[in-house]
Structure formats: structure tokens, C-alpha cells
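Asker: Could you look at this predicted model? Sequence included:
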Amino acid sequence: MKYDDLKLTYDSVLLSPSEVSETAKSIKDYVGELQEVVRSKSYVVSESSINLVSDQKMISEVEAVVREKKTSELKYVINIGIGGSSLGTSAVYEATKTGYPGLLSADTVNPVRINRILRVIERSCQKPEELLVTIVSKSGKTTEVITNAEILLAALEDKFGVDILLRVVVISNEGSGLWNAAFDKKITKLTIPKMVGGR
């Protein structure tokens, strides 16, 4: 699909045609800048996130991780993140869910929530292949994420042994503290271009 071919409709915007026209004129230069960002396929400005949907290298990396980590036995994904690192995942899951796997979100430093996640895993999962753990922090130093990851991974290692680390994916800036810790433990990693905000 070419971005230049997109057609927008304004039928339900509650603005008069002249207001729509004036607004379109006022953002014309910015739309041109965005089109240039798309043509460049680079990640040098804050609007670069619009290039993610056509970044074949990144899409291939994500697809490879999915092929490696997805199992027929998968029961739960534990997503350890806060803010956009959790809300985006939850929104996509809610919009597309089909039942399994279940999503357990560790999105706050709350002992009740963490214990609830651990009880679900204790009752429902007998082997590492039934779980996938994602640890998401763009900066790689979000205190709540690091704390929850340490607590949950320690409990999961007690239950499953170090093999659970084969079921973990870290998503962070390349070179961050979290990225480097994942590298040291041979944990699968995915990166996000630094100029792309959020997760």
C-alpha cells in the first residue's frame, strides 16, 4: 500500500466543510514532512514511528522470535511493563483475543497483583513451554519493570529452573542496562529504534 494513496473521509467529524478545509490547509506542510519521513525509511525524527509498519528488517526479527517462542502448549504470556509497555499490549490483546494464551500483566509494583500472577502460574503451568515472559522497558531502567522482572523471574526459576530464561524476551533500547543483562544471560532480545517513542 502506498501512503500517498490513502483517502480520508470527514463525514462524521462534526465540522463544517470550510472548517475541514481550513484545518487541512493549516497542516499541509506537516503532512508533507511526514511523507518525507516515510520516504526516507529512517529513524531520525520523533515521528519516525510511522516507519515501523514497513520496516521489513524489524518485522522479520519479530517473526523469527514468534516462530522460536510460540508453542502449541503455550498457556500464558506474562507481560512485565508499565505505561505504554503494558497498555499497548493489553489493548491489542483485548482487541484480538481468542482465549489462549492468556495475558497476565505485571504493570504495577503491587504485591497482590504479583502474587496473583504467581498463583495462576503455580496452578496452571507445569513446564516452561506453557509460558512466555516479555520484559518491556524502552529505557531499560524503569524501576517498576526491573523490580517486577526480578521478583517474577526468581519465582519462575525456583519453579522451572534456569530453562525458564529460554522463554523470556526483553524489548528495550539496544545497549540499555536491561538489554545488557539479557545479553549476559543469553535471553532473546528485540530492540526499538531510539527515536521511536513508546513500545
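Answerer: All right, it came through fine.

Asker: Just the endpoints, please. Distance across stretch 37-55?
Answerer: 13 Å (CA to CA, to the nearest Å).

Asker: I should have written stretch 127-139 there, sorry.
Answerer: Where stretch 127-139 starts and where it finishes are 31 Å apart, if you go by CA to CA.

Asker: and if you look at stretch 47-59?
Answerer: With CA to CA as the measure, the first residue of stretch 47-59 is 19 Å from its last.

Asker: now stretch 138-149
Answerer: Using CA to CA, one end of stretch 138-149 lies 14 Å from the other.

Asker: Residues contacting that stretch from elsewhere in the structure, which ones?
Answerer: Stretch 138-149 is touched from outside by 80-82, 85, 106, 108-109, 114, 135-137, 172-173, 176-180, 192, 197-199, with contacts defined as CB atoms under 8 Å, 6 or more residues apart in numbering. For glycine as for every other residue, the C-beta is placed from the backbone atoms N, C-alpha and C.

Asker: 7 Å - rerun?
Answerer: Residues outside stretch 138-149 that contact it (CB atoms under 7 Å, 6 or more residues apart in numbering): 80-82, 85, 106, 108-109, 114, 135-137, 172-173, 176-179, 192, 199.

Asker: Now a ChimeraX select for only the buried ones of these.
Answerer: With 16 or more other CB atoms under 10 Å as the criterion, this ChimeraX line picks the buried residues out of these:
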select :80,81,82,85,106,114,135,136,137,172,173,176,178,179,192,199
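
Asker: So which of the contacts of stretch 138-149 belong to helices?
Answerer: Assignment to helices by DSSP state H places the following of these there: 85, 114, 177, 178, 179.

Asker: Need the nearest residue in space to the last one, chain neighbours excluded.
Answerer: Meaning residue 179. Excluding its sequence neighbours, the residue lying closest to residue 179 (CB to CB, 6 or more residues apart in numbering) is residue 172, at 4.7 Å.

Asker: How about the contacts made by the one you found?
Answerer: Counting by CB under 7 Å, 6+ apart, residue 172 has contacts 137, 138, 140, 178, 179, 191.

Asker: cool, residue 17 as well?
Answerer: Residues touching residue 17, when contacts are defined by CB under 7 Å, 6+ apart, are absent altogether.

Asker: What values do phi and psi take at it?
Answerer: Torsion angles at residue 17 (phi, psi; degrees, to the nearest 10) stand at phi -60, psi -40.

Asker: start at 730 instead
Answerer: Got it, first residue is 730 now, which makes that one residue 746.
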